[in-house]
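In: Give me a model of this one.
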Amino acid sequence: MGNKDSRIGYRIMKIKDNSPAVGSSVESMLDFLLYPPPDAKSSCPSFSEYVTSNENKEIELSFYNIATRKVHKCRITPRKWEGEGLLGFEINEEDYLVAHNRVIRILDFFLNSPLYKAGFQPNTDYIIGTENFIFDGVEEFTTYIQRNNKKAVDLQVYSSKEGKVRSLTLTPDVEWGGSGYLGGDIGIGHLHSLPVRRESPGEDSAETNDRSSDSLGVSERDILVGDKEVKVNDN
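Out: Predicted structure coming up:
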């Protein structure tokens, strides 16, 4: 699993109920398992060997958090439980150093639109993905929305105001009464990356990246990618 100098980490997509990882400080969708740990001074066994050899013993694992941009340690005791494995993680291999850019920011939306009905908050909500996969760019997200027209989908959404991830159920609908499938403006790219989370829980961290969306001029069907606008056909 990885190497000491790799940018590849393992995003914790989900922590399974009743697993050894429940109750730990690990945050699903935000934390990346790093192994070998960045501070390892010698060669390490494979991750599987490390966990198996320490069954029923407390171990210390390193995680990189994309909200804080920091590495933190967490102690977990691998053990057999009702599910698979000894930890209870579902993971996804990714480049963790750019993962904070792989989000979709909700900028604004119309009253009674699909985004409004789902409970999204403008400017402070960021779609990360679903429990099973992360969206790889605006094209994949657009295709996913179009394919799920009038179907309820569960999305993992980070709130920069609350500093945590929650699940929201969105039902795209091209016939909702206005333009598009969602009825709002979204942004992607560096200007809309996940902001650095402040230390105080619940404190709005949306301004910590020194950016503004007020003058970007993103239209109903435009997605801002860095400093370039890409037209998205959502009809």
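
In: From here on, just use CA atoms for contacts and neighbour counts.
Out: Noted.

In: What ranges does this protein have for its helices?
Out: Along the chain, the stretches classed as helices by DSSP state H are 47-53, 114-118, 138-147.

In: So what does Pro78 have for phi and psi?
Out: phi -60, psi 140 (degrees, to the nearest 10).

In: What distance do you get for the residue of the chain positioned farthest from its centre to Ile134?
Out: The C-alpha centroid of the chain is most remote from Ser42, which lies 31.6 Å away (Cα atoms, centre = their mean). Taking Cα to Cα, to the nearest Å as the measure, Ser42 falls 33 Å from Ile134.

In: Repeat that for Ile66.
Out: Taking Cα to Cα, one finds Ile66 at 14 Å from Ile134.

In: go on, Ser159?
Out: 17 Å.

In: One more: Ile59?
Out: Counting by Cα to Cα, the gap from Ile59 to Ile134 is 28 Å.

In: How confident was the prediction at the residue nearest the centre of the chain?
Out: Nearest residue to the geometric centre of the chain (Cα atoms, centre = their mean): Ile128, 3.5 Å. Ile128 is assigned 97 on the pLDDT scale.

In: residues touching it, list them.
Out: Counting by Cα atoms under 8 Å, 6 or more residues apart in numbering, Ile128 makes contact with Met29, Arg102, Val103, Ile104, Ile134, Phe135, Leu155, Gln156, Val157, Tyr158.

In: check contacts around the closest residue to the last one other than its chain neighbours.
Out: Ranked by Cα to Cα, 6 or more residues apart in numbering and with sequence neighbours excluded, the top spatial neighbour of Tyr158 is Val165, at 4.2 Å. When contacts are counted by Cα under 8 Å, 6+ apart, Val165 touches Met29, Gln156, Val157, Tyr158, Ser159.

In: neighbour-wise, which of those leads?
Out: Met29 (27 neighbours; other Cα atoms under 10 Å).

In: Per-residue pLDDT of that one, please?
Out: So, for Met29, pLDDT stands at 98.

In: The nearest residue to it once chain neighbours are set aside: what's it in contact with?
Out: Once flanking residues are discounted, Met29 sits nearest to Met13: 5.0 Å by Cα to Cα, 6+ apart. By Cα under 8 Å, 6+ apart, the contact list for Met13 reads Ser28, Met29, Phe89, Glu90, Ile91, Asn92, Glu131, Asn132, Phe133.

In: now these: which count as buried?
Out: With burial judged by 16 or more other Cα atoms under 10 Å, the buried subset of the contacts of Met13 is Ser28, Met29, Phe89, Glu90, Ile91, Asn92, Glu131.
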